[in-house]
Each structure stands twice: as structure tokens, then as C-alpha cells.
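Trainee: Curious how this folds, go ahead:
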Amino acid sequence: MIHRYVTCGLLALMLLLGATDAAAQVWVGRSGPRAGAVEISGGGTWSAGQDLGERAATLTPNPGAGSSSFDLFQTEQRLKPVFGGQAIVGYYITRAFAIEGGIQYSRPTLSVTLSDDFEEAPSLTATTAITQYLFTGSVVYHFGTSPSAVPFIAVGAGHLRDVHNGNELLETGIEYHGNVGVKWWTGSGRGRIGVRAEGGLSMRTGVFDFDDERRVVPTVAVSLAYLF
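Mentor: Residues are numbered from 1 along each chain as shown. A predicted model of the protein is given here:
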């Protein structure tokens, strides 16, 4: 069902942008990219922390002894904010539209807090680092009239992989994102070098999550880019 909503949203966005293309000031300057141009970029990312839910450790009752269940303690998981790296390759279908594929890498810290112990033991927090990979695909729309400062919007989806405990435990999930940003270019024609800055929201499901809910994570990225 989520895939259907995302697909419909992307199609609606593309139809809307195409319908308003004549009225909007699309990036079509002489030094803008031509259809078939390729853009590569690489840089750093930042993702906000995530609360991954709470769960009670419940003692299973023994019917033969007539005992009832009760909570031994509470556990709470959280991923802390993290800096990472990314690499992106884009292909211009037209001067305004491009498709992109990318990969992001980070090492967020997972903290697990044990509290409300039945025997009144003090709360305890354990931490460990997770290796996180995010493989993304996006549709990008560029607009504006300046060949040096080019705003853009990007929407897409991705595959998330969390590796934990010495590569012995692997969790996967699905990611959807929407970003807005600006590309600043130097020079003109082919072989242009620039800076790409963007921010947005990433909706993620799966991976290390007690509740297996959809969670929205703010993200920021800055990269060096090359257009040829």
C-alpha cells in the first residue's frame, strides 16, 4: 500500500511540474545541463536521532503454580544523531529533470536503557555502534533562471541496511525521502564544479525498531559536485 501511495505521488508531482513548465522559469540557460549530462557528487550527511520505542520484559506466568505475569523491567531504544558520507550519480533526462542513484554510509550509536526494574535495581544504559547503509533512487526537478545558483527538489525511495554485532546481525528496511536544496556552480559549459546543499525528511520502516513503525528523520547533506 505504501509503495502505491509513493508511486502515485511521484506521478502526480511529475504531471504537475510538466503542466506548469511553460509558466515556470526552468533552468534552461546556455550553460545549463543538456539532456544526457551526468552529475556526480560526494560529501557529508547528518541525520537526527530516532526514538525506537519501548518494550516491557514480561515474566511468563506458570499456570500450574497459579502465578500471574508481571513486568521485570522496561527497555527503551534510541539511535543518536550521526554524521556520515554519501555519493550520488545523476543523469539528466531533460535540462530540468534528472534521475539519481546514491549510497549513504554512517555509524550511528544505538543506546538501550533498562529501567523500572522489579527488584528496584538502578537504571542502566548500554550503547553500541551500528553500521548503516542507505541505497537511494530519486527524481530531481531543477528550476530558476540563474546558471550559477540552481534550486531543486528531489523525491524518491531507498533500501536501508543496519549491520550490528560484528556483522552477525542484519536488519533491513524501506526508506522514502523528500529534499529541497540548491546547487552552486562555477564556470560554464561542460566540466563544471559546484557545491550541493540540501535538507529534507526521511521516512523509515523496519531495521532496529521494537514497534516496527514508520519514523520521520530530518536530514541535511553538503557535497562537492561535478557536471559533465
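Trainee: from what I can see L79 touches V112, true?
Mentor: No - contact between L79 and V112 fails when scored by CB atoms under 8 Å: they sit 10.7 Å apart. To be clear about C-beta, it is placed using only N, CA and C from the backbone, and glycine gets the same treatment.
Trainee: Just want to know which of the two has more residues nearby.
Mentor: L79 (24 against 15; other CB atoms under 10 Å).
Trainee: If I look at that one, what pLDDT would I see?
Mentor: Listed pLDDT for L79 reads 85.
Trainee: what's the least confident helix or strand in the protein, going by average pLDDT?
Mentor: Here the helix or strand of the chain ranked lowest by mean pLDDT, DSSP states H and E is helix 2-19, holding a mean of 44.
Trainee: Could you give the average pLDDT over the helix or strand that it is followed by?
Mentor: Remark: after helix 2-19, the chain's next helix or strand is strand 38-47, criterion DSSP states H and E. Averaging pLDDT along strand 38-47 gives 97.
Trainee: Who are the packing partners of strand 38-47?
Mentor: Here strand 38-47 touches strand 82-92, strand 97-106, strand 192-206, strand 215-227, going by 3 or more CB pairs under 8 Å, 6 or more residues apart in numbering; DSSP states H and E.
Trainee: Now mean neighbour count too, for these, in CSV please.
Mentor: Converted to CSV, the helices and strands packed on strand 38-47 look like this (neighbours: other CB atoms under 10 Å):
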stretch, mean neighbour count
strand 82-92, 17
strand 97-106, 18
strand 192-206, 17
strand 215-227, 17
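Trainee: May I have stretch 187-198 exported as PDB, CA atoms only?
Mentor: What follows is stretch 187-198, C-alpha atoms only, in PDB (Å, rounded to 0.1, in the frame of the first residue of the first chain):
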ATOM      1  CA  GLY A 187      32.400  28.200 -14.800                       C
ATOM      2  CA  SER A 188      30.200  27.400 -17.800                       C
ATOM      3  CA  GLY A 189      29.600  24.700 -20.300                       C
ATOM      4  CA  ARG A 190      30.800  21.100 -19.600                       C
ATOM      5  CA  GLY A 191      33.100  20.200 -16.800                       C
ATOM      6  CA  ARG A 192      31.500  22.500 -14.200                       C
ATOM      7  CA  ILE A 193      32.400  22.100 -10.500                       C
ATOM      8  CA  GLY A 194      29.900  23.100  -7.800                       C
ATOM      9  CA  VAL A 195      28.600  22.700  -4.300                       C
ATOM     10  CA  ARG A 196      25.300  20.900  -3.500                       C
ATOM     11  CA  ALA A 197      23.400  21.600  -0.200                       C
ATOM     12  CA  GLU A 198      20.100  20.100   0.700                       C
END
